[in-house]
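Novice: structural data only, the sequence is not supplied:
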């Protein structure tokens, strides 16, 4: 058997020579087994420390929320005791997996739902006695608690990252797979910015006999004090069984990294079929019940907005007619969900014949990429139009597009057909959901972001992580983005 040396950033492994492997073959499994209890205690200690830290931060945060309500409201109106509130919310956090080892404990949606569960549990008895009087207090407590928990968890996460990075309190991992798989794994999203493990070594089981492979892997685990084994890709049944046996014997945590879906809007979920785990690949936006809820929210909000903003619409329409000739509303073909064209509605902000001048102004666009177009100080824009654009008031008629179903409140912005003609295959992920009145691009700076690939990355990330809470967050972030005028032309 030929030995080879494999290098990764910060890690090098050269298999021991054949004689050393043969001498150690009989004892390596016992050595791995003897160290297993210590590593199992280490994994348990990490989990306990994680839960204790999160629970401690949560308890302090919840206590501050409770005392804040006591100070700001009349004592008689604070219908929930301190411990009652703290325990109920921590139970809600536990029920929704906010103390687990994955990303769930940091997700805003899960924390908000847990805050709601905690508020309901705390007010449960009073809800049956005085439901009308209790509901406003419950809703207020829910909102304040959700915001406080999200802020506290994000702050704690950043602190833990900084401490882990500086003190090296992270897992030591070995990657099992071919060299090509190991290189791909370095760029895996799960190993992005989170320093939860360090790739200390690499092991390629290809073309190795069973016993030498077990011996070499055992030596690697022992000498590098490996506590986590990462399986980079599919292994045949024999190799997988041997690797799993060595890792479990040594008390290592075993993780399998499936390939990343080539379509960025596809999310994997583990489901059980006849007692066996199966990875199901789904599009978040294709989940029926959530689509119904999102559509109901779009209809309700757009209807209310059109009624409440009617006086504003009338005032803007009058100003447009007084300042320049032409229609009040501007209609333009855009591309929506599934590549379907529709007519977007906006207040007219340009002079007559503006579309005919677009090609002549292409070189003045703030974007070098022709898939985007925006000209600062556009000569076609009227004086009133510049104000409407800067304040985003020209977008208000699009509530009608939301109401009739062409658009949603939140989603990717709808491009023009000429822009779509220049798209690459990966860019079509924008059309997996309905375009939005606002979205991640708008709240992140709009025209201040010049890289179209960055725009697509933000929008596909939104589609992949979509939730009602994320939509609400983007809607709330839209307000300061509009008032600041950052990136608006």
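Specialist: Thanks, I have it. For clarity, every value in this text was computed on a predicted model and none was experimentally measured.
Novice: show me where the stretch 351-489 of the chain has its strands.
Specialist: Assigned strands in the stretch 351-489 of the chain, in chain order: 408-410, 436-438 (criterion: DSSP state E, counting those that start in this stretch).
Novice: nearest to residue 390, of these?
Specialist: strand 436-438 (15.8 Å; Cβ to Cβ). Yep, even glycine has a C-beta here, placed from its N, CA and C like the rest.
Novice: for that closest one, packing partners?
Specialist: For strand 436-438, the packing partners by 3 or more Cβ pairs under 8 Å, 6 or more residues apart in numbering; DSSP states H and E come out as helix 398-404, strand 408-410, helix 468-484.
Novice: just say which of the ones you listed is most tucked in.
Specialist: Counting by mean count of other Cβ atoms under 10 Å, strand 408-410 has the highest mean neighbour count of these, with a mean of 27.
Novice: give the pairing partners of that one; include direction for each.
Specialist: Partners of strand 408-410 in the sheet, by DSSP bridges, are strand 436-438 (parallel).
Novice: state the mean pLDDT of the strand it pairs with.
Specialist: Mean pLDDT, computed over strand 436-438, is 90.
Novice: same question, stretch 275-289
Specialist: The model assigns stretch 275-289 a mean pLDDT of 64.
Novice: again, but for stretch 456-467
Specialist: 79.
Novice: again with stretch 441-449
Specialist: The average pLDDT within stretch 441-449 is 66.
Novice: with adjacent residues omitted, what lies nearest to residue 242?
Specialist: If the residues on either side of it in the chain are set aside, residue 242 comes closest to residue 214, at 5.7 Å by Cβ to Cβ, 6 or more residues apart in numbering.
Novice: turn the strands of the stretch 351-489 of the chain into JSON lines, including distance to residue 332.
Specialist: Formatted as JSON lines, those follow (distance: least, Cβ to Cβ, whole Å):
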{"stretch": "strand 408-410", "distance to residue 332": "18"}
{"stretch": "strand 436-438", "distance to residue 332": "15"}
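Novice: between those strands, which gets nearest to residue 347?
Specialist: Once the strands of the stretch 351-489 of the chain are compared by Cβ to Cβ, strand 436-438 is nearest, at 13.8 Å.
Novice: coming back round to it: could you dump the helices and strands packed on strand 436-438 into JSON lines with distance to residue 249 added?
Specialist: JSON lines is the format used below for those (distance: least, Cβ to Cβ, whole Å):
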{"stretch": "helix 398-404", "distance to residue 249": "58"}
{"stretch": "strand 408-410", "distance to residue 249": "50"}
{"stretch": "helix 468-484", "distance to residue 249": "43"}
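Novice: all helices for the stretch 351-489 of the chain, in order.
Specialist: 383-390, 398-404, 417-420, 440-443, 452-464, 468-484 (DSSP state H, counting those that start in this stretch).
Novice: so which of those is nearest residue 114?
Specialist: Closest of the helices of the stretch 351-489 of the chain to residue 114 is helix 468-484, at 11.6 Å (criterion: Cβ to Cβ).
Novice: and the angle from the helix or strand hosting residue 292 to helix 468-484?
Specialist: Using DSSP states H and E, residue 292 sits in helix 288-308. Calculated by axes from the mean of the first three to the mean of the last three Cα atoms, to 10 degrees, helix 288-308 forms an angle of 30 degrees with helix 468-484.
Novice: could you give me the buried positions within helix 288-308?
Specialist: Within helix 288-308, the residues that count as buried by 16 or more other Cβ atoms under 10 Å are 294, 297, 298, 301, 302, 305, 306.
Novice: how about the residues you listed, which pair is most distant?
Specialist: By the measure Cβ to Cβ, 294 and 306 form the most distant pair in those, at 18.5 Å.
Novice: is it true that residue 345 lies in a strand?
Specialist: Yes: judged by DSSP: H, G, I helix; E, B strand; the rest coil, residue 345 forms part of a strand.
Novice: tell me how many other residues crowd the residue lying closest to it once chain neighbours are set aside.
Specialist: Sequence neighbours aside, residue 397 is the residue nearest to residue 345 in space, at 4.3 Å (criterion: Cβ to Cβ, 6+ apart). Using other Cβ atoms under 10 Å, residue 397 is surrounded by 21 other residues.
Novice: and residue 64, by the same measure?
Specialist: 12.
Novice: how about residue 85?
Specialist: 24.
Novice: SS state for the residue nearest to residue 242?
Specialist: Applying three-state DSSP: residue 214 is helix.
Novice: got it, and residue 80?
Specialist: Applying three-state DSSP: residue 80 is coil.
Novice: quick check: it touching residue 122?
Specialist: Yes: when contacts are counted by Cβ atoms under 8 Å, residue 80 is listed as touching residue 122 (4.7 Å).
Novice: which one's more surrounded, the two?
Specialist: Neighbours per residue, other Cβ under 10 Å: of residue 80 and residue 122, the larger number sits with residue 122, 26 against 21.
Novice: how close does that one get to residue 85?
Specialist: In this view, residue 122 and residue 85 are 5 Å apart by Cβ to Cβ, to the nearest Å.
Novice: same check, this time on residue 161
Specialist: Residue 161 sits 29 Å away from residue 85, going by Cβ to Cβ.
Novice: again with residue 297
Specialist: In terms of Cβ to Cβ, residue 297 sits 29 Å off from residue 85.
Novice: quick one: the helices in the stretch 51-200 of the chain, in order.
Specialist: According to DSSP H, counting those that start in this stretch, the helices that the stretch 51-200 of the chain contains are 82-95, 108-129, 131-167, 179-186.
Novice: and for residue 122 and residue 85, which residues touch both?
Specialist: The contact sets of residue 122 and residue 85 overlap at residue 141 (Cβ atoms under 8 Å, 6 or more residues apart in numbering).
Novice: wait, which of the helices of the stretch 351-489 of the chain is closest to residue 43?
Specialist: helix 452-464 (29.6 Å).
Novice: thanks again, I'm all set now.
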